[in-house]
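> Requesting a structural model of the entry that follows:
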Amino acid sequence: MNLANKITIARVFLIPVFLIFISIKGISFGVPIATIVFIIAASTDKLDGYIARSRNQITNFGKFMDPLADKLLVTAALVSLVEYKMLPAWIVIIIIAREFAVTGLRVLAMANGRIIAASKWGKLKTTTQIAAIIIALLNLDHTFISVFSSSEAKIFNNFIGTLAPIAIYAALIATIISGIDYFLKNRDVVKSNE
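Residues are numbered from 1 along each chain as shown. From the prediction side, this is the model:
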């Protein structure tokens, strides 16, 4: 197993760590640590892709596992944010439904010996989802802004509070568009399995 694939697997193993800390309620360090773990896990997505391309180590395992690891990480965070009432459940249901649909499409393609790699829309979707989750996590817990003065902290809180729903809706739109894009570009996969 090459380095890029090991980094992808490490991202998967960070998901339960994130879930443990995000689930700790009433303790001041739970959400900040979960946020840091999420940021580290999310940043490995760009790293493993860069390493795979720069070392010419792109594998079918990486093409399949990399987007799956992203989906697992994002799903864990979104469901956790619903529990904290930071996101409406219907948005998360649409996002997760899209993830299942595209994963199903990938499985059908694999059955035909074809790998569907992440598209530009898929990468944009992942980027907007991760950004929205980080903003929502910062909006959930204000520990990170305690380094600012009280007036600066208030401005930052207001900014994050305003930005959070915008980021979530941007992620939702990118998610829907990327799902439609995958199915339009790979409709032959569906037709060949009817």
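
> So which residue is smack in the middle of the chain?
Val74 (3.3 Å; CA atoms, centre = their mean).

> Relative to Asp181, how far out is it?
Val74 is 18 Å from Asp181, where distance means CB to CB, to the nearest Å. Using the backbone N, CA and C atoms, a C-beta is placed for each residue, glycine as well.

> how about the helices in the chain?
3-22, 30-54, 60-83, 89-111, 120-140, 150-185, 187-192 (DSSP state H).

> Could you identify which of those has the lowest mean pLDDT?
Out of the helices of the chain, helix 187-192 stands lowest, with a mean of 79 (criterion: mean pLDDT).

> Would you mind listing the buried residues in it?
Residues of helix 187-192 classed as buried: Val189 (neighbour count, 16 or more other CB atoms under 10 Å).

> elements contacting it?
Using 3 or more CB pairs under 8 Å, 6 or more residues apart in numbering; DSSP states H and E, the elements in contact with helix 187-192 are helix 89-111.

> buried sites along the helix it packs on?
Ile91, Val92, Ile95, Ile96, Arg98, Glu99, Val102, Leu105, Arg106, Leu108, Ala109.

> The residue nearest to the centre of the chain contacts Thr128, correct?
No: Val74 lies out of contact with Thr128 (CB atoms under 8 Å); the separation is 10.4 Å.

> Count the neighbours of Ile180 for me.
12 (other CB atoms under 10 Å).

> likewise Lys123?
Residues near Lys123, counting by other CB under 10 Å: 17.

> separation between it and Asp70?
For Lys123 relative to Asp70 (CB to CB), the value is 9 Å.
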